[in-house]
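> return a 3D structure for these sequence lines:
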Amino acid sequence: MSKADKIFKETCKEILNYGVYDLPDSKIRPKWEDGSDAHTIKKFGIVNEYDLSEEFPAITLRPTALKTAMDEILWIWQKCSNNIHELNSHIWDQWADEHGLIGKAYGWQVGNKFQTIRTTKEKLEKVHPNNNYEVIDETAKVNQIDYIIHEIMFNPNSRRIIGNLYNIEDLDSMNLHPCCYSITFDVTNDTLNLLLNQRSNDVLVANNWNVAQYAILLMMIAQVTNKKPGKLIHMIANAHIYDRHIDIIKGLIERTEFKAPRVSLNKEITNFYDFTTKDLIVEDYYHGDQIKNIPVAE
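Modelled structure (predicted):
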């Protein structure tokens, strides 16, 4: 049994048994395709812990498209993009404008150079050799992912290795406010750990998707900084199950689990900007049937 399956089932049971339903007369933003209110049952403040040194946290109750999940995480944190034309899926289509842009959201926040650090050009070239950094008096402005990699490599004891997508002053310029909005890295000896903060989580549609994404990000960052991937701690503020998903969730809970798949990366990649989805190796991923035509609230 995958430990991710156990955690997923426990999370679902926690929400179903102890969660709170929307009030019937409450104002509901999400709508179903037919225009009706998409109500939820929610649990506030769920914390789940996954240890990548033991296994990769993919559920086996149904498949998670790991390479597609990786493609999206690369779109945000590697390509620093807010253009859906640079993404190989249609996940974000409904939030894009006629030019394919989602505003100052997600990848735009990662790529915006505002982190000022004391360093040298030689060190920065080890982080991102193709970026033409300007270093004046040992001070440089870098984007968020380069800052994170730089600090892990050259200042591993720092308690400030943080990436943040929820920039209050830019919210009005975002077509969608980020759900997974901040990451904090920790280096303990030769192990790299990651804490993920998420404001809102659609448990059926996105829970394991987000877990798998940030597990892959942790693996990539660990590899290029010569660390071992350790714990992924997932902190969810509002974990919810939509009303039209409840019966599907109950069916998933009753399914048989399999062992976790073996997931690894191409060991020849030493720079974060060289990773592609071809470098994700997924072996022995046995799982239950995919659930088709899941209604998605917008």
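> show me what contacts Val20?
For Val20, the contact set (C-beta atoms under 8 Å, 6 or more residues apart in numbering) comprises 41-43. Every C-beta, even on glycine, is put in place using the N, C-alpha and C of the backbone.
> tell me which residues form a beta bridge with it?
With DSSP bridges as the criterion, Val20 is bridged to Lys42.
> what of Thr184?
Under the criterion used (DSSP bridges), Thr184 bridges to Ile162, Leu195.
> what about it, distance to Ile161?
With distances taken as C-beta to C-beta, to the nearest Å, Thr184 is found 7 Å from Ile161.
> rewinding a little: may I see the PyMOL selection of the buried members of the contacts of Val20?
A single PyMOL command selects the buried members of these (16 or more other C-beta atoms under 10 Å):
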select buried, resi 41+42+43
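> including pLDDT and distance to Met235, could the contacts of Val20 go into TSV?
Below are those laid out as TSV (pLDDT from 0 to 100; distance: C-beta to C-beta, whole Å):
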residue	pLDDT	distance to Met235
Ile41	97	20
Lys42	97	15
Lys43	98	13
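> contacting residues for the residue nearest to Leu218 when sequence neighbours are not counted?
Once flanking residues are discounted, Leu218 sits nearest to Leu194: 4.5 Å by C-beta to C-beta, 6 or more residues apart in numbering. Counting by C-beta under 8 Å, 6+ apart, Leu194 makes contact with 183-186, 214, 217-218, 221, 231-233.
> 10 Å instead?
Going by C-beta atoms under 10 Å, 6 or more residues apart in numbering, Leu194 touches 50, 52, 161, 163, 183-186, 214-215, 217-219, 221-222, 229-234.
> can you flag the buried ones in the residues you listed?
Neighbour counting over the contacts of Leu194 (16+ other C-beta under 10 Å) leaves 50, 52, 161, 163, 183-186, 214-215, 217-219, 221-222, 229-234 as the buried ones.
> of these, which belong to strands?
Among the buried ones among the contacts of Leu194, the ones falling in strands (DSSP state E) are 50, 163, 183-186, 229-234.
> go through those residues and name the one nearest Asp34.
Set against Asp34, the nearest of those by C-beta to C-beta is His234 (32.2 Å).
> beta-bridge partners for that closest one, please?
Counting by DSSP bridges, His234 is bridged to Asn48, Leu196.
> likewise for Ile117?
Residues in beta-bridge contact with Ile117 (DSSP bridges): Ala140.
> I'd say it and Lys141 touch.
Yes: Ile117 is within contact range of Lys141, at 8.2 Å (criterion: C-beta atoms under 10 Å).
> which residues are in contact with each of those two?
Taking C-beta under 10 Å, 6+ apart as the contact rule, the neighbours common to Ile117 and Lys141 are 135, 147.
> ranges for the helices of the stretch 51-200 of the chain?
66-77, 107-111, 121-127, 144-154 (DSSP state H, counting those that start in this stretch).
> out of the ones you listed, which comes closest to Asn208?
Asn208 lies closest, by C-beta to C-beta, to one member of the helices of the stretch 51-200 of the chain: helix 66-77, at 8.9 Å.
> and the closest one, what does it pack onto?
helix 107-111, helix 144-154, strand 180-188, helix 203-224, strand 262-265, strand 280-283 (3 or more C-beta pairs under 10 Å, 6 or more residues apart in numbering; DSSP states H and E).
> may I have the third one as PDB, with CA atoms only?
In this case it means strand 180-188. Presented in PDB, the C-alpha positions along strand 180-188 are these (Å, rounded to 0.1, in the frame of the first residue of the first chain):
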ATOM      1  CA  CYS A 180      -0.100  26.600  -3.700                       C
ATOM      2  CA  TYR A 181       1.400  29.900  -2.800                       C
ATOM      3  CA  SER A 182       4.600  29.400  -0.800                       C
ATOM      4  CA  ILE A 183       7.500  27.000  -0.300                       C
ATOM      5  CA  THR A 184      10.100  26.900   2.400                       C
ATOM      6  CA  PHE A 185      13.200  24.700   2.100                       C
ATOM      7  CA  ASP A 186      15.300  23.300   4.900                       C
ATOM      8  CA  VAL A 187      18.700  21.700   4.700                       C
ATOM      9  CA  THR A 188      19.500  19.200   7.400                       C
END
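> return the list of helices and strands in contact with it.
Packing partners of strand 180-188 (3+ C-beta pairs under 10 Å, 6+ apart): helix 66-77, helix 144-154, strand 162-164, strand 191-202, helix 203-224, strand 228-242.
> let's see that with 7 Å instead.
Here strand 180-188 touches helix 144-154, strand 162-164, strand 191-202, going by 3 or more C-beta pairs under 7 Å, 6 or more residues apart in numbering; DSSP states H and E.
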